[in-house]
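Visitor: Structure, please.
(2 chains)
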There are 2 protein chains.
Amino acid sequence: MKKVFIFDESEFNKDLLGSKGANLVSMKKKGLPIPNGVVISTEACREYFSTGKFIGQNLRQEIFGELKKLEIETGKNFSGEETPLLVSVRSGAPISMPGMMDTILNLGLNDEVVETLIRKTKKNRFVYNIYIRFIEMFGEIVKNIEKKKFNDIKILKNYNNLKTKEEYKEIVKLYKELYKKETKNDFPEDPLEQILLAVDAIFNSWNTDRARYYRKLNDISDKIGTGVVIQEMVFGNYNEFSGTGVAFTRNPSTGEKEIFGEYLLEAQGEDIVAGIRTPLPLSTLEKKLPEVYKEFLNICNELEKTYKNMQDIEFTIENKKLFILQTRNGKRSPEASIKIAVDLVEEGIITKEEAIVMIEPNMISKILNGNFDEKDKIDRTAIGKGIPGSAGVAVGKVALCTGDIKGQEDWILVRMETSPEDIKGMNLAKGIVTIKGGATSHGAVVARGMGKCCITGCEDIKINEKGKYFTLNGAKIKTGDIISIDGYTGDIYLGSIKLKRPQLGDNLKKIMQWCNNYKTLEVRMNADTPKDVKVGKSLGAKGVGLCRTEHMFFEEEKIWNIREMIISSNLEERNRALSKLLILQKKDFYDIMKVLDGDALNIRLLDPPFHEFLPKTVKDIEKLANNMGLLKEEVQVRINNLKEENPMIGHRGCRLAITFPEIYDMQSRAIIESAIRCKEEGIAVDLEIMVPFIGGISEFKYIKKNILQEIEKVFKEKNERINYKLGTMMELPRACLIANEIAEESDFFSFGTNDLTQTTYGISRDDSINFIEHYKEKDIIKRDPFQSIDTRGVGKLLILATQLGREVKKGIKIGVCGEHGGDAKSIEFFDKLDINYVSCSPYRVPIAIVAAARSAIINREEKESKKNKLKKLKLKI
Amino acid sequence: MKKVFIFDESEFNKDLLGSKGANLVSMKKKGLPIPNGVVISTEACREYFSTGKFIGQNLRQEIFGELKKLEIETGKNFSGEETPLLVSVRSGAPISMPGMMDTILNLGLNDEVVETLIRKTKKNRFVYNIYIRFIEMFGEIVKNIEKKKFNDIKILKNYNNLKTKEEYKEIVKLYKELYKKETKNDFPEDPLEQILLAVDAIFNSWNTDRARYYRKLNDISDKIGTGVVIQEMVFGNYNEFSGTGVAFTRNPSTGEKEIFGEYLLEAQGEDIVAGIRTPLPLSTLEKKLPEVYKEFLNICNELEKTYKNMQDIEFTIENKKLFILQTRNGKRSPEASIKIAVDLVEEGIITKEEAIVMIEPNMISKILNGNFDEKDKIDRTAIGKGIPGSAGVAVGKVALCTGDIKGQEDWILVRMETSPEDIKGMNLAKGIVTIKGGATSHGAVVARGMGKCCITGCEDIKINEKGKYFTLNGAKIKTGDIISIDGYTGDIYLGSIKLKRPQLGDNLKKIMQWCNNYKTLEVRMNADTPKDVKVGKSLGAKGVGLCRTEHMFFEEEKIWNIREMIISSNLEERNRALSKLLILQKKDFYDIMKVLDGDALNIRLLDPPFHEFLPKTVKDIEKLANNMGLLKEEVQVRINNLKEENPMIGHRGCRLAITFPEIYDMQSRAIIESAIRCKEEGIAVDLEIMVPFIGGISEFKYIKKNILQEIEKVFKEKNERINYKLGTMMELPRACLIANEIAEESDFFSFGTNDLTQTTYGISRDDSINFIEHYKEKDIIKRDPFQSIDTRGVGKLLILATQLGREVKKGIKIGVCGEHGGDAKSIEFFDKLDINYVSCSPYRVPIAIVAAARSAIINREEKESKKNKLKKLKLKI
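Guide: Residues are numbered from 1 along each chain as shown, chains lettered A, B, ... in the order given. As a prediction, the model looks like this:
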């Protein structure tokens, strides 16, 4: 099998040639002005490793053979005679990979060639400049010699002011002596030897720790290998009509259709990167070299059409002749990404499907959550750093408790950690900072749900409650002082940084519409209030996948009633409190149903352990005691009795309704009475009632029986009936394992992947802060399973439950309502399961829509074949 | 299909005839003296229910047809003429079922038949006696008329002193009037109608709430149905040479081979049960009716040989003629059970396999744990009741803390709840009572491990620490007062009840030897000290399946070192504490290895969350601060920082070794150095090192690498190597789901079914006390999943993990080390999985051995076929 190819004789094949090589080959085929060259395939790299890191005789002969062709085609040669052939050597894997060896320029130079070139060009300075660059690059990149050591020589010999050939020669001599000292070898004078050494070094760079680590992080196989591109040099530093530059075919910040780039005359590529000379904006090239500029614009259009994307191009001009050295898809801001995708469709360059696939869903959160104005941020130094908890940025006055938040100003709530009692404060604040907790702590989760910026785990903050201030790495920040926080990075700044305001522009709306036509997954929202529901609806959500009844309880008036209910020591006391709650809950549900206006509404019955609702301060305990006509000591005792060792796996969810069936009775009544009221008023309701934390079938049957009884009672009282579904939240491993039994009784499954991840891993999210960072540091956990679904473990339970459930009830409705419902990677997995919907916080709905559409498009074929496979793989255990 | 059979024409078939009917048929075939009769099959019962609870024409005709045969065979008839045929009607399901309808005697009587009988027997009193009994029984059992209403009539009419026929007639008249009043129907005079009504009532009794509940509890299908036996009456009250009695073929308390029973002359069966007349010991029958007695002894032997078990026999003598009415396997005490099984083998009646199957494994715990002397207990009333936590009984002085326990006396430790700090006290005490916690709480688990009696969750106890007493339902019990506690029932008594001492007699030893030859599962012990290991070994354990290193830490000297290690704020402090622990652990391991002398030793590395080890009292905190040269405030802060929200799923198990690898390094070193010392001393060691709480493969690889490094270091230092296995505890759902990945790296799996049950159910054992009782009350949980493995949920994970693991590593060693390893029902499940061993607390080892042997014998065939099936059912998800 052939492993080395001259561009002209090859075909576009990324896997074989690497993406750089493949692009060059295809540009060459299109007749674009690119210097000719030779590409060594990834297969050669794989062989290199499998045969003990050795460039064998065959490969060597192949390389030399193709280079011979290059000599013939260019009319130049490596012999040092009349027209010397100089080349660049670069790595190029099939997937872009930082951490690998970069470019070496000017290979082929040696003392003899230098003389020839001077003779031909009469340019002492140019020729020695590229020679010295070459030795330095080669020594540095191929042989790992410290750059500083070369620089020391330059400084010693006053390089920038050299005049004579002898002076340059002296540098070359010293460079070669350095090379010999460091490598114990003479500097290779033979151009072919130079090339082989460079190829060897590139192959080796495939396996550096850094490259391997990058691949591990990005799930790239170690077996792919890299290609190597050997390409004829062109010289941007040849004369005043020469230059080099980089350009984007569109503005990468705004997405506007305009060539965007910069260049330097009389320079080689690395001069732009080095930043010693300031490059010029590309537009000025029109005046200086109008023909070249015109040609370049044409090529840009051509490349966009070829690669169907905005391009990031490297070019060189050698004596008025334009050469394209590299092209690739350009990185861009979130906003630009959306605009470019839409424009490319409208220009007829790509299809809508291709536009959707082009968009990285998580990027959308950046558009929605806003960001700092980079210019205003650039000179500032953060005073501290926490864990990025929820994307976005915020500027406001510091509040240390909900009570601090007053008036119409913007506030940032800074807390040791947040609890459900802080919901109000979090709702009022623009952003949240906590000292404890990780990216999946209460604060972060709630903040993401609210679409609010949040930083967690900023352990350097020391709060002084009495003094009403906190300190952070020496700075003392008082209540009311202004800070700026960055939820993307975790940085905290003193003072106010200007904001770039979020916009859900027309382009994004267009993308959404397209997505809705392609996705097969429904996207619902997790929303607990009419306000949330409105936001989610405006962002494209089709109904509510999770309405947490308990969140309604945290509002001032209701919390006291639920506390009374919990603290009740007998049925009579409890029913008294429940009857008050009934009235309030009915209003809650009615308001939400009204906003939804016929969209699906999935209401989860009470879930959290009681203790979460209880007062913590002496004052509040006294108030509760007064409300209930009890001694505060008695209330305290009852509160203590409700404390649990492991509340997360304690008395919660439907277990509360086994001990106190009257709670779900009340909630079911409130739901049904609200729905009947809606029916009477002509408002459509598509209702699902969901029982949380189900672990066994008898448990669900018992609760179902009670709820059905209560609902039938309401129907009788009101002399009216409505349709509803009654189903289970699947959030315990056992529920998944007996999903067939549950499907017999349940109208739907909704996977609560947060809790399911907790129990499957046996990891308490609240406590994982104590060790999860060590897991990340030591590379034991690559991706936080609470952010992106763990497909190998938790995912298996989902597959199992879905299969078992459908075996019993073929069309059973299945959704996901955990945090993962808003995570793009997870959505792809859910999409493959062919479930009905995902549900996520309102602000993540657009992300979910794009992710669902992308998955539908990308995996269309795979899904078809998998569907057929799944039918055969019926699970039997 | 025929559904009614006269005894002579039928075959022994329990499923079809019920066990009573089948036994009668087989006795009849053997020529034993049993009254002839007819049996209605369970199939008829099933049809009765499937056709709307109706005895159809066909069944009716069949019954009449077979009864006609009975008339012919007996030479009697239902017509009321010369020789009337009287019968009994009884229910008889294939499985013995309390809660179902019992016997009705004397059917066939009516006014006409009574006259005939009087004419024939000249016995007014006898005939009216059976007539009156019949009406009463029929009314009561078939028609649910209150017994009291019949009794009122008897009292009114002075029944016991009646003389004349007219007087009797008057009673009959009043009885029939009562019957009519209660049922709106005349009392049925037609014998065949009497029989049909009785059959109908028996069928109906199959579906009473009580019967259904019993079947649910015992996993008996509702679909089986009951048979009905209609049998010719014989009369034990016919004359002075008549009588009735019950007998066991062996002594049911001791198992001695001696006829054991009692009888009454001139009586019907129910008179013995009623207890109005005192029955005579059966031995006295030899004098009174020597021929009958001799015949009875012969029949007893015959029946034992037929049914291969000790028999419980009902018999009647009618005018010197012996009739056997029923025989069944007799209930017996645990001790008798063992002796009878051994004796039957030695008498050549049964095989060893049959003997093993005859033994209910859980019974053995009763022998091992001892019990009260029933005679001394009988008149006492318990002053309170908790949950039976650990079997056995104990008598001793009350201690409210470990410090109370002094001298050589027996103590009962009474605590709010127990923590690992109470281990010493629990070890010293004879029994334990806790106020909090269920049957699976720390106290109960540890107590079972120690083979000690324990009562948990006795919430009525109020401890007064200062006053050094507690109250319980009004009683005040001071430290040092004597109480008696019953771990079988949860009862607590004042004062001292005499004990029946436990014995592991020669018979049990024989059974064990036999079991060892049949079982395929190895039985190991969970043991942490040389003392435990000795006990387990003496009870038959082959090696240690779980040695919990942390239990060693709770001894006085060590706890302070581990506390220092935990509280350390840097590596240096920690290493200092670890180096002290190293010396102590080495001794621990060496001592255990020595006792084991080559038997397998599986050592689990540190598992519990740090907080469990920390001091709680101010005094201890001060001591720790002093030891470490820290301020006590600093120590308190560090202790607080280690508190967790959900410690059970927090920073524990191998997660500790991710953050502090030096801990497992120390433990691995201690283990290996001890093993090398043993090798040098010529002591064999079969070593397994086990990493707890593994959830991911990278986690295990990281830890494995560290441990292997440390072990290699030790090998080098000592210039010696030993063999060992390194494996994982499988106790998280995720570990089971990725068992294939884990099997690649792990030498063995050991299922920690306690934690696996906790996480699969999402139930914290510590907190389940708050709701689990409600689950039991409401019949939602039938069997505590922490006692008996949940085969439908947790069991599926075990099946999955076993399959996945074996796919990768065919012969991977698999064991169970959770509590379930000592539970008979669970062992049967594990045995079917074909794993290598179970491990349980030393005192449960004999139970496990018997259970394993029984399972091997009972399931031999099923296992063979299943094995073949499993091969085809490879799991793919």
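Visitor: Do me a favour and get the end-to-end distance for stretch A:809-820?
Guide: Terminal residues of stretch A:809-820 lie 25 Å apart, using CA to CA, to the nearest Å.
Visitor: For that stretch, buried residues please.
Guide: When neighbours are counted by 16 or more other CB atoms under 10 Å in any protein chain shown, the buried residues of stretch A:809-820 are found to be A:Lys809, A:Ile812, A:Lys813, A:Ile814, A:Gly815, A:Val816, A:Cys817, A:Gly818, A:Glu819, A:His820. Heads up, the C-betas are built off the backbone N, CA and C, glycines and all.
Visitor: Next up, identify which helix or strand the residue nearest to the second one when sequence neighbours are not counted is on.
Guide: Okay, so that is A:Ile812. Using CB to CB, 6 or more residues apart in numbering or on different chains and skipping the chain neighbours, the partner closest in space to A:Ile812 is A:Gly805 (5.1 Å). Using DSSP states H and E, A:Gly805 maps to helix A:794-808.
Visitor: buried residues in that helix?
Guide: Those would be A:794-806, for helix A:794-808 by 16+ other CB under 10 Å.
Visitor: Then stretch A:690-707?
Guide: Using 16+ other CB under 10 Å as the test for burial, stretch A:690-707 gives A:690-697, A:699-700, A:702-704, A:706-707.
Visitor: of those residues, list those near chain B.
Guide: A:Phe693, A:Gly695, A:Gly696, A:Glu699, A:Tyr702 (CB under 8 Å from any CB of the partner chain).
Visitor: ok, of those residues, which one's closest to B:Glu73?
Guide: Nearest to B:Glu73 among these: A:Tyr702, at 53.6 Å, using CB to CB.
Visitor: which phi and psi does the closest residue to that closest one other than its chain neighbours have?
Guide: Distances taken as CB to CB, 6+ apart place B:Ile780 nearest to A:Tyr702, at 5.5 Å, with adjacent residues excluded. Backbone geometry at B:Ile780, expressed as degrees, to the nearest 10, gives phi -90, psi -40.
Visitor: Next: A:Val714.
Guide: phi -60, psi -40.
Visitor: What count of nearby residues applies to it?
Guide: 19 (other CB atoms under 10 Å in any protein chain shown).
Visitor: who touches A:Ser253 in this structure?
Guide: Neighbour list for A:Ser253: A:Arg332, A:Ser333, A:Glu335, A:Ala336 [criterion: CB atoms under 8 Å, 6 or more residues apart in numbering or on different chains].
Visitor: Just the ones of the residues you listed in helices?
Guide: In helices, defined here by DSSP state H, the members of the contacts of A:Ser253 are A:Glu335, A:Ala336.
Visitor: can you pick the most crowded of the contacts of A:Ser253?
Guide: Ranked by neighbours (other CB under 10 Å), these are led by A:Arg332, which has 23 neighbours.
Visitor: Secondary structure element holding A:Met593?
Guide: Assigned by DSSP H and E, A:Met593 falls in helix A:571-596.
Visitor: that older thread, arrange the buried residues of stretch A:809-820 in CSV, one row each, with secondary structure and pLDDT as further columns.
Guide: Shown next, in CSV, are these (DSSP: H, G, I helix; E, B strand; the rest coil; pLDDT from 0 to 100):
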residue, secondary structure, pLDDT
A:Lys809, coil, 96
A:Ile812, coil, 97
A:Lys813, strand, 97
A:Ile814, strand, 98
A:Gly815, strand, 98
A:Val816, strand, 98
A:Cys817, coil, 96
A:Gly818, coil, 89
A:Glu819, helix, 88
A:His820, helix, 95
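Visitor: How about the contacts made by whichever residue of the stretch 151-300 of chain A sits closest to chain B?
Guide: Closest residue of the stretch 151-300 of chain A to chain B, CB to the nearest CB: A:Lys216 (10.1 Å). Shown in contact with A:Lys216 (CB under 8 Å, 6+ apart): A:Asp779, A:Lys782.
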